[in-house]
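[1] make a model of this:
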Amino acid sequence: MRVEEVVLPNGKIRYMLVNTEGHPVEIVLRFLQFKDMTNSARNTLRAYSYHLKLFFEFME
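    Model (predicted):
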């Protein structure tokens, strides 16, 4: 499991959690999109991504 940085066409940097098979973790992706729509800071989105990565690794 890893966190990937994604550059959007408008130049903004966003993050997503990808499982070991290379597919995005859907529930985390939707949560991060929600936080992005509520104008959370980029560093906040990055912190959520890494903390959720640790949580999902712990749950495995």
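[2] just the residues contacting the longest helix seen in the chain, thanks.
    When the chain is scanned for its longest helix (criterion: DSSP state H), the result is helix 42-59. Contacts to helix 42-59, defined as C-beta atoms under 8 Å, 6 or more residues apart in numbering, come from residues 1-3, 12-17, 25, 28, 31-32, 35-36, 40. C-beta here means a position set from N, CA and C on the backbone, and glycine is covered the same way.
[3] for stretch 8-17, same thing?
    1-7, 24-25, 28-29, 32, 36, 42, 45-46, 48-49, 52-53, 56.
[4] can we see that at 6 Å?
    The contact list for stretch 8-17, computed with C-beta atoms under 6 Å, 6 or more residues apart in numbering, reads 3-7, 24-25, 28-29, 45-46, 49, 52-53.
[5] from those residues, keep the buried residues only.
    3, 25, 28-29, 45-46, 49, 52-53 (16 or more other C-beta atoms under 10 Å).
[6] and the two most separated of the residues you listed?
    Farthest pair in the buried ones among the contacts of stretch 8-17 (C-beta to C-beta) is Val25 and Arg46. Separation: 15.5 Å.
[7] could you measure from Lys53 over to Asn10?
    25 Å (C-beta to C-beta, to the nearest Å).
[8] same check, this time on Met37
    To Asn10, Met37 is 14 Å away according to C-beta to C-beta.
[9] more neighbours, these two?
    Set Met37 next to Asn10 and count neighbours by other C-beta atoms under 10 Å: Met37 wins out with 8 against 5.
[10] relative to helix 42-59, how tilted is the strand or helix carrying Phe31?
    Taking DSSP states H and E as the criterion, Phe31 maps to helix 26-37. Counting by axes from the mean of the first three to the mean of the last three C-alpha atoms, to 10 degrees, helix 26-37 points 160 degrees away from the direction of helix 42-59.
[11] fine by me, thanks again.
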